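Novice: have a look at this prediction, sequence included:
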Amino acid sequence: MLVVPFVTPAPPTQRKGRILVVDDQRNMRATTALLLRAEGYVVDEAGGGEEALAWLADHQVDLLLTDLKMEPMDGLQLLKRAVEIAPRLSVIVMTAYGSIETAVEAMRRGAYDYITKPFKDGELIHRVDKGLEHAGLISAVDLFAGEFKARHGLSSLVGRSQAMRDLTTRISRVAASEATVLVQGESGTGKELVARAIHALSGRSRAPFVPVNCAAITESLLESELFGHARGAFTGAVKARRGLFEEAHGGTIFIDEVTETAPAFQSKLLRVLQEGEVRRVGESVSIKVDARTVAATNRDIELEVNDKRFRQDLFYRLAVVTLVVPPLRERLEDVPILAQHFLDRANARSRKPHRFHPTALDHLGTYGFPGNVRELENLVEQAAALAEGEELLPDDFPLRRKSGDMVQVPAAAQPASGGPVQSLADAVTDAERRAITSALEQSPHDLSRVAEVLGVSATTLWRKMKRLGLKTTGEEPQLS
């Protein structure tokens, strides 16, 4: 007689992430939770909005899966209050087919995704997996903006503008890979900070980060600097020396201003990237190196390729992933955050309690910053060093405007000879009020057009109008 032993079925593989399922229909909630538990998720249940909020306040939850149509608190209300409690929370809303417009509205308000009922098991699992992946990505960005920012002083790379949020998201994604990265951007935008962020968020973070600026090294020494040299390889080479690629073994090498290199060097750099080995100047034996390469340029590198000044094959080898750092003039809403960061740092060094007058930040917000973040940093440090009082005023920030760019005080606002002299802050305020009023008269129902004419963002315009007592419509424009 053949005896078949009883084998206990293996439990499902534990998946990462904790899910809270919210539905006021008990059967639907229980069925959904049972399905997710069978897939290995840790699942909690709540029978309504208030119960869900109480749970979120006391427990770590990665994904909220909620029905939209509930009483007395519906899914939209729950969404709003849930993300206030847990900003990193991914939210997926469940809705009937006829309520898709409401689900789209939920996504506009911050939900990650929606799924229509009845749904297939596989579809739900797929969306939940993606939602948890999104939650992990947000955590990675938070790491970059928090711990990493504090450790490396990268506040100048973080902002509330959509452009910077998109950039930090791409940084967190590419950091986990081994892809070669090309960082493009004008001088002073923070390209090296991007490279440091990629390194610190990667699996190579405990190994060296080695930067080199190709524009600062003569062509004759660049090869020796990066690849090393043997003793006696050239005049002055009194002993053998490792190159920067070897110094970066296991870590990341950052090659800044790579378009400043000559074609002969570009050919040798291409070989290093392709073969993963370097040959020191004056030696015939190659050395294996394991260094991730991040390159940067402030030029239009594709134009350099088209004009035959940069090798096309090297360009494709470097630009596996391309990151573009936006100039400060395209994200002026970040100026107050950056300026305050630089002032806090200056105050810490000098132990002086300087602060901005509101008109000073408005003054900075009208400037184009040709020198980008680096210029803003210099302006703030200069103002903090030279200001007579604790409060920094617009006059403490001399801006290098082009002809015609300076805000002009209308003649009517200028004091008559011998009359009382108007303060600079009041003059700037009057000039702003007149400029905005004039632009509003031309486009009274189109704030976006007014902002474009004045050269500021819609958010900056809205805030200026509110401060100046000019009529605004609705709430502050949201960054999209």
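Specialist: The structure has been received and is ready for your questions.

Novice: for the rest of this, base every contact and every neighbour count on C-alpha atoms.
Specialist: OK.

Novice: pLDDT below threshold where in the stretch 101-250 of the chain?
Specialist: Counting by pLDDT under 70, the stretch 101-250 of the chain has low-confidence residues at 137-158, 237-238.

Novice: kindly recompute the last result at 90.
Specialist: Counting by pLDDT under 90, the stretch 101-250 of the chain contains low-confidence residues at 101-120, 127, 129-177, 197, 200-203, 205-206, 215-221, 223-225, 228-243.

Novice: strands of that one, residue ranges please.
Specialist: Along the stretch 101-250 of the chain, counting by DSSP state E, counting those that start in this stretch, strands occupy 113-117, 181-184, 209-213, 228-229, 241-242.

Novice: out of those strands, which gets nearest to H363?
Specialist: strand 181-184 (28.5 Å; CA to CA).

Novice: just the CA trace of that closest one, in PDB.
Specialist: Taking Å, rounded to 0.1, in the frame of the first residue of the first chain, the C-alpha atoms of strand 181-184 are listed here in PDB:
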ATOM      1  CA  VAL A 181      24.800  59.300 -16.900                       C
ATOM      2  CA  LEU A 182      25.200  62.600 -18.800                       C
ATOM      3  CA  VAL A 183      24.200  65.700 -16.900                       C
ATOM      4  CA  GLN A 184      23.500  68.800 -19.000                       C
END
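
Novice: that strand pairs with which strands, parallel or anti?
Specialist: strand 292-297 (parallel), strand 321-324 (parallel) (DSSP bridges).

Novice: so which of those is the most surrounded?
Specialist: Among these, strand 292-297 has the highest mean neighbour count (mean count of other CA atoms under 10 Å), at a mean of 24.

Novice: quick check: next helix or strand after that strand?
Specialist: Once strand 292-297 ends, the next helix or strand along the chain (criterion: DSSP states H and E) is helix 301-306.

Novice: contacting residues around that following helix?
Specialist: If you take CA atoms under 8 Å, 6 or more residues apart in numbering as the criterion, helix 301-306 is touched by 259, 310-312, 315.

Novice: need the buried ones from those residues selected in ChimeraX.
Specialist: Applying 16 or more other CA atoms under 10 Å to these, the buried members can be selected in ChimeraX as follows:
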select :259,310,311,315
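
Novice: mind picking the two most distant members of the contacts of helix 301-306?
Specialist: For the contacts of helix 301-306, the maximum inter-member distance is 11.6 Å, found between T259 and Q312 (CA to CA).

Novice: tell me which residues in the strand or helix carrying A348 are buried?
Specialist: A348 is located in helix 335-350, with elements delineated by DSSP H and E. Buried residues in helix 335-350, defined by neighbour count with 16+ other CA under 10 Å: 335-344, 346-347.

Novice: likewise for stretch 251-266?
Specialist: Buried positions in stretch 251-266, judged by neighbour count with 16+ other CA under 10 Å: 251-261, 266.

Novice: in helices only, show me the residues you listed.
Specialist: Residues of the buried residues of stretch 251-266 located in helices (DSSP state H): Q266.

Novice: how about the buried residues of stretch 251-266 in CSV, adding distance to A387 and pLDDT?
Specialist: Shown next, in CSV, are the buried residues of stretch 251-266 (distance: CA to CA, whole Å; pLDDT from 0 to 100):
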residue, distance to A387, pLDDT
G251, 43, 94
T252, 41, 96
I253, 40, 96
F254, 38, 97
I255, 38, 96
D256, 35, 95
E257, 36, 95
V258, 40, 96
T259, 40, 95
E260, 40, 93
T261, 43, 93
Q266, 48, 95
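
Novice: could you count how many residues lie near the closest residue in space to I85 that isn't next to it in sequence?
Specialist: Distances taken as CA to CA, 6 or more residues apart in numbering put A57 closest to I85, at 6.6 Å, once the chain neighbours are dropped. Counted with other CA atoms under 10 Å, the neighbours of A57 add up to 12.

Novice: also K120?
Specialist: There are 10 residues near K120, going by other CA under 10 Å.

Novice: what's the spacing between it and D24?
Specialist: 20 Å (CA to CA, to the nearest Å).

Novice: swap in A384?
Specialist: Look at A384 and D24: by CA to CA, they are 58 Å apart.

Novice: buried stuff in stretch 367-381?
Specialist: By neighbour count on 16+ other CA under 10 Å, the buried set for stretch 367-381 is 367-377, 379-381.

Novice: pick the one among those closest to E84.
Specialist: Nearest to E84 among those is V373, at 31.0 Å by CA to CA.

Novice: so the closest one: helix, strand or coil?
Specialist: In three-state terms, and counting by DSSP: H, G, I helix; E, B strand; the rest coil, V373 is helix.

Novice: isn't it right up against T189?
Specialist: Yes - between V373 and T189 there is a contact under CA atoms under 8 Å: 5.6 Å.

Novice: so what sits against both of the two?
Specialist: Contacts common to V373 and T189, judged by CA under 8 Å, 6+ apart, are L328.

Novice: excluding covalently adjacent residues, which one is nearest to R26?
Specialist: Nearest residue to R26, sequence neighbours excluded (CA to CA, 6+ apart): G47, at 7.1 Å.

Novice: what sits against H126?
Specialist: Per CA under 8 Å, 6+ apart, neighbours of H126: none.

Novice: number the chain from 461, please
Specialist: Taking 461 as the first residue, the last one we looked at is H586.

Novice: for E499, see how far away it is.
Specialist: 11 Å.

Novice: how many residues are close by the closest residue to G703 other than its chain neighbours?
Specialist: Distances taken as CA to CA, 6+ apart place G688 nearest to G703, at 3.6 Å, with adjacent residues excluded. The criterion is other CA under 10 Å. On that basis, G688 has 23 neighbouring residues.

Novice: likewise for K926?
Specialist: By other CA under 10 Å, 14 other residues sit near K926.

Novice: off-centre distance for stretch 636-647?
Specialist: Relative to its chain's centre, stretch 636-647 lies at 14 Å (CA atoms, centre = their mean, to the nearest Å).

Novice: would you turn the contacts of helix 761-766 into TSV with secondary structure and distance to Q734?
Specialist: Formatted as TSV, the contacts of helix 761-766 follow (DSSP: H, G, I helix; E, B strand; the rest coil; distance: CA to CA, whole Å):
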residue	secondary structure	distance to Q734
T719	helix	19
F770	coil	17
R771	coil	14
Q772	helix	14
F775	helix	12
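
Novice: which of the contacts of helix 761-766 sits closest to S903?
Specialist: Nearest to S903 among those: T719, at 44.6 Å, using CA to CA.

Novice: my read: the closest one touches A755, true?
Specialist: No - contact criterion CA under 8 Å: T719 and A755 do not qualify, at 9.5 Å.

Novice: one step back: quick one: what helix or strand has the residue nearest to I545 in it?
Specialist: Taking DSSP H and E as the definition, A517 sits inside helix 509-518.

Novice: so what touches the helix or strand following that helix?
Specialist: Next helix or strand after helix 509-518 toward the C-terminus (DSSP H and E): strand 523-527. For strand 523-527, contacts defined as CA under 8 Å, 6+ apart pick out 477-484, 534-535, 549-555, 588, 591-592, 595.
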